[in-house]
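Enquirer: Using only what follows, build the 3D model:
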Amino acid sequence: MEMTTGSDDRDLIPSITFSDEERDSGAPNKAHIAEAAKLFTEHGFVRLENVYSPAFLQKLDTHYKKRYKNFLHSTNWRDRRPLFTVDVEGPFNDPAFYASPLVVPFMQHFLEKDYILAAMSSVASFPGAPDQHLHRDALPIFGKDYTFDVNVPPYSITTLIPLVDCTLETGCTKVWPGSHKCKNAEEADKISSIDPEVRTGSILVTDSRLVHRGGANHSDRMRPLLYMTFHRNWFRDFWGYENRPPVNISDSELKKVPDRYQHMFNWTKDRYKHIRAKNTLRRILPGTLREKLGK
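Expert: Next comes the predicted model:
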């Protein structure tokens, strides 16, 4: 694909900046949400600035370092880019994180009010990590390429939340604007890429059909990046989660989720657990007990 010079020209990056008042009150300007939706529809991504306060980012960072420090430094990935599911606990089980009032109306605009939290993970880029491979976040759902997929509304959207500034030095996510409308690789090849830098407190929002890749880490520090993926309630993507759960939340933590957000965790609930247990008992219990169980 054609590459750009790799600069973050603010005039080239579709962005919306929320005021401190919007952030602290949890009441975004409707015009900001509408403009963000317009930019996202056109480019397949948008940078939302000043979504999280410095104090809340500090809580996330402190918990992350304490909870995953040993794990991160015990990994030995060839690409120096470990990817793992983060547990929904502590500040990660705070609606301020997974249901920011600045982000919820944006997601509802595209995914409807009953949208699902489909993944909560982290990818940490260590010093020396190379460029990631080019990819889209979801496989085609209508055939071998994206011929039909590009003509439907968004069904999967990811938010990237850096815990340190994502810059050209630490490695930012390189994107190909408008590639969410490309039916195949040949069409995407004609598009130039850009490198939107994302400062802490801000997020990068991407359509699952957007062509992108993580940038190399040229710095001397680890660059931890959190991400959450949200789906329409009928769509479920298992690609990349063959060996780990996309969302990991315990029963006790799930009870802490406010009622208004319980629907976001519907896919973590095993609705058939009791039925399977009952059927198992039917197979192993003696006839009389089995008959009683059936009643």
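Enquirer: how about the longest helix anywhere in the chain as PDB, C-alpha atoms only?
Expert: Ranked by residue count and defined by DSSP state H, the top helix of the chain is helix 54-74. Taking C-alpha atoms only, helix 54-74 is exported to PDB below (Å, rounded to 0.1, in the frame of the first residue of the first chain):
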ATOM      1  CA  PRO A  54      -6.300  12.600  33.900                       C
ATOM      2  CA  ALA A  55      -7.500  11.400  37.300                       C
ATOM      3  CA  PHE A  56      -9.400   8.500  35.800                       C
ATOM      4  CA  LEU A  57      -6.600   7.600  33.400                       C
ATOM      5  CA  GLN A  58      -4.300   7.400  36.500                       C
ATOM      6  CA  LYS A  59      -6.700   4.900  38.100                       C
ATOM      7  CA  LEU A  60      -6.600   2.800  34.900                       C
ATOM      8  CA  ASP A  61      -2.900   3.000  34.600                       C
ATOM      9  CA  THR A  62      -2.200   2.200  38.300                       C
ATOM     10  CA  HIS A  63      -4.500  -0.900  38.200                       C
ATOM     11  CA  TYR A  64      -3.100  -2.000  34.800                       C
ATOM     12  CA  LYS A  65       0.500  -1.900  36.000                       C
ATOM     13  CA  LYS A  66      -0.200  -3.600  39.300                       C
ATOM     14  CA  ARG A  67      -2.400  -6.300  37.800                       C
ATOM     15  CA  TYR A  68      -0.400  -7.200  34.700                       C
ATOM     16  CA  LYS A  69       3.200  -6.200  35.400                       C
ATOM     17  CA  ASN A  70       4.400  -9.700  36.100                       C
ATOM     18  CA  PHE A  71       2.500 -11.100  33.200                       C
ATOM     19  CA  LEU A  72       3.800  -8.500  30.700                       C
ATOM     20  CA  HIS A  73       7.400  -9.000  31.700                       C
ATOM     21  CA  SER A  74       7.200 -12.800  31.600                       C
END
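Enquirer: Skip ahead from it and say which helix or strand is next.
Expert: Next helix or strand after helix 54-74 toward the C-terminus (DSSP states H and E): strand 83-85.
Enquirer: returning to what we had before: which residues touch the longest helix of the chain?
Expert: Residues from elsewhere that reach helix 54-74, judged by Cβ atoms under 8 Å, 6 or more residues apart in numbering: 52, 82, 84, 86-87, 90-92, 96-97, 122, 124, 161, 163, 200-201, 222, 224, 226. (Glycine included, C-beta is placed from N, CA and C.)
Enquirer: Can you list the low-confidence ranges for this structure?
Expert: Along the chain, segments meeting pLDDT under 70 span 1-11, 76-78, 270-295.
Enquirer: ranges for the helices of it?
Expert: 20-25, 30-43, 54-74, 95-98, 104-111, 185-188, 251-254, 273-284, 287-294.
Enquirer: Nearest the middle, which residue of the protein would you pick?
Expert: By Cα atoms, centre = their mean, the mean C-alpha position of the chain lies nearest to Met228, the distance being 2.4 Å.
Enquirer: ok, that one to Glu21 distance?
Expert: 25 Å (Cβ to Cβ, to the nearest Å).
Enquirer: mind listing what Ala27 touches?
Expert: Applying Cβ under 8 Å, 6+ apart to Ala27 gives the contacts Pro101.
Enquirer: quick one: it from Leu48, how far?
Expert: Distance from Ala27 to Leu48, by Cβ to Cβ: 15 Å.
Enquirer: from the chain's centre, how far out does stretch 57-70 sit?
Expert: Distance of stretch 57-70 from its chain centroid, counting by Cα atoms, centre = their mean, to the nearest Å, is 18 Å.
Enquirer: Tell me the buried residues in that stretch?
Expert: Neighbour counts using 16 or more other Cβ atoms under 10 Å place Leu57, Lys59, Leu60, Asp61, His63, Tyr64, Tyr68 of stretch 57-70 among the buried residues.
Enquirer: just checking, Trp267 touches Ile116?
Expert: Yes: at 5.8 Å, Trp267 and Ile116 qualify as touching, with contact defined as Cβ atoms under 8 Å.
Enquirer: So between the two, which is more surrounded?
Expert: It is Ile116, of Trp267 and Ile116, that has more neighbours when counted by other Cβ atoms under 10 Å, with 22 against 17.
Enquirer: Good, wrapping up.
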